[in-house]
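1. When you get a sec, could you give me coordinates for this:
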Amino acid sequence: MYRKAVAAGGRALGSDWETKYKGVCWLAHETLPVMRAMARLAMDLQWEEELQESLTMYRKLMELNPNDNQDIRYQLAGCLYEAGCDQELDKLLTAHDDDPSAALL
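-> Predicted structure coming up:
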């Protein structure tokens, strides 16, 4: 269902929505439903151990919303760990070394 929601959101926003809203997705109210659906899809994929597809979705979310208003970095960190992407995980942790969350500690 989340795949369908992401696809429907993309159709509603237009084929160039990712380019149009890149970096400001969370500030544009019309993109919020698709961003939420993408996050849930990524989490479900991670749960189903479809780690590469999940990572692709998490990375895209971080690119679309670099301020990470959805706190995707926490899910991304766990997925990177599970997938054995140690170098990328190290970069993520370094980029957020001031984050006091237990999820990154």
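2. Give me the distance between the residue lying closest to Arg40 once chain neighbours are set aside and Trp47.
-> Distances taken as CB to CB, 6 or more residues apart in numbering place Tyr2 nearest to Arg40, at 5.0 Å, with adjacent residues excluded. To be clear about C-beta, it is placed using only N, CA and C from the backbone, and glycine gets the same treatment. Distance of Tyr2 to Trp47, computed by CB to CB, to the nearest Å: 12 Å.
3. Of those two, which one has the most company?
-> The residue with more neighbours, out of Tyr2 and Trp47, is Tyr2; 17 against 9, by other CB atoms under 10 Å.
4. ok so, going back, what's the per-residue pLDDT of the residue nearest to Arg40 here?
-> In the predicted model, Tyr2 carries a pLDDT score of 94.
5. Ok, Ser101 next?
-> 88.
6. Let the chain start at 21 from now.
-> In the new count, where the first residue is 21, that last one comes out as Ser121.
7. ok, and what's touching the top helix by length along the chain?
-> Assignment by DSSP state H gives helix 52-67 as the longest helix of the chain. The contact list for helix 52-67 (CB atoms under 8 Å, 6 or more residues apart in numbering) reads 22-23, 25-26, 29-30, 32-33, 37, 45-46, 71, 73-74, 77-78, 80-81, 84-85, 90, 92, 95, 98-99, 102.
8. Can you give me the buried ones in that helix?
-> Using 16 or more other CB atoms under 10 Å as the test for burial, helix 52-67 gives Val54, Met55, Ala57, Met58, Ala59, Leu61, Ala62, Met63, Leu65, Gln66.
9. Tell me which of the contacts of helix 52-67 fall in strands.
-> With DSSP state E as the criterion, strands contain none of these.
10. Which of those fall within helices?
-> 22-23, 25-26, 29-30, 32-33, 37, 71, 73-74, 77-78, 80-81, 84, 92, 95, 98-99, 102.
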